[in-house]
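Colleague: Sharing a model that was predicted from the sequence below.
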Amino acid sequence: MSVLMAAWHGLSARRKTFASRERLLRAAVAAAMLFALLAGDRGLIRLIRLLHDRAAIKGDIRELAAKQASLEAELAGLTTDPAKIEKLAREQLDMARRGETVYKFPSR
């Protein structure tokens, strides 16, 4: 009987060792899966960063579309309105009509 009891206790100890190794292996696999889910190439952290970048790019697109519309309106005004063309020539090119005197003061 003592031989059977010793064998039984030996099996019981092996089962406990196997169970602890199995738990350790399961924990390692779960940790690897969690790491892949969060920090992998297609992980949650990268997804959040990409969503933030997409929102920033959409904002840039809206700003650029508004600027484009403004520039197109300015271009349409410059090609059709002679008063705007004259104003632009006077301000940026320092032009004047015949007989006009232009006074320029140095900026401080």
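Modeller: Now that the structure is in, tell me what you want to look at. All figures in this text were calculated on a predicted structure; none of them were measured in a lab.

Colleague: in which helix or strand would I find the residue minimising distance to the centre of the chain?
Modeller: With distances taken as C-alpha atoms, centre = their mean, Asp53 lies nearest the centre of the chain, 1.7 Å away. Asp53 belongs to helix 44-80 when assigned by DSSP states H and E.

Colleague: repeat for Arg42
Modeller: Judged by DSSP H and E, Arg42 forms part of no helix or strand.

Colleague: What about it, how many residues nearby?
Modeller: When neighbours are defined as other C-beta atoms under 10 Å, Arg42 has 8 of them. Heads up, the C-betas are built off the backbone N, CA and C, glycines and all.

Colleague: Retrieve the pLDDT associated with it.
Modeller: pLDDT, Arg42: 81.

Colleague: same deal with Thr101?
Modeller: 83.

Colleague: Give me the phi and psi angles of it.
Modeller: phi -110, psi 130 (degrees, to the nearest 10).

Colleague: Could you shift the numbering so residue one becomes 7, and keep it that way?
Modeller: All set: I'll call the first residue 7, so the last point we hit is now Thr107.

Colleague: got a list of what it touches?
Modeller: Thr107 makes no contacts at all, as judged by C-beta atoms under 8 Å, 6 or more residues apart in numbering.

Colleague: can you check Gly83 too?
Modeller: Per C-beta under 8 Å, 6+ apart, neighbours of Gly83: Lys90.

Colleague: what about it, distance to Ala72?
Modeller: 17 Å (C-beta to C-beta, to the nearest Å).

Colleague: same deal with Asp66?
Modeller: For Asp66, the distance to Ala72 - C-beta to C-beta - is 11 Å.

Colleague: got it, and Gly49?
Modeller: Look at Gly49 and Ala72: by C-beta to C-beta, they are 35 Å apart.

Colleague: Brilliant, that's me finished.
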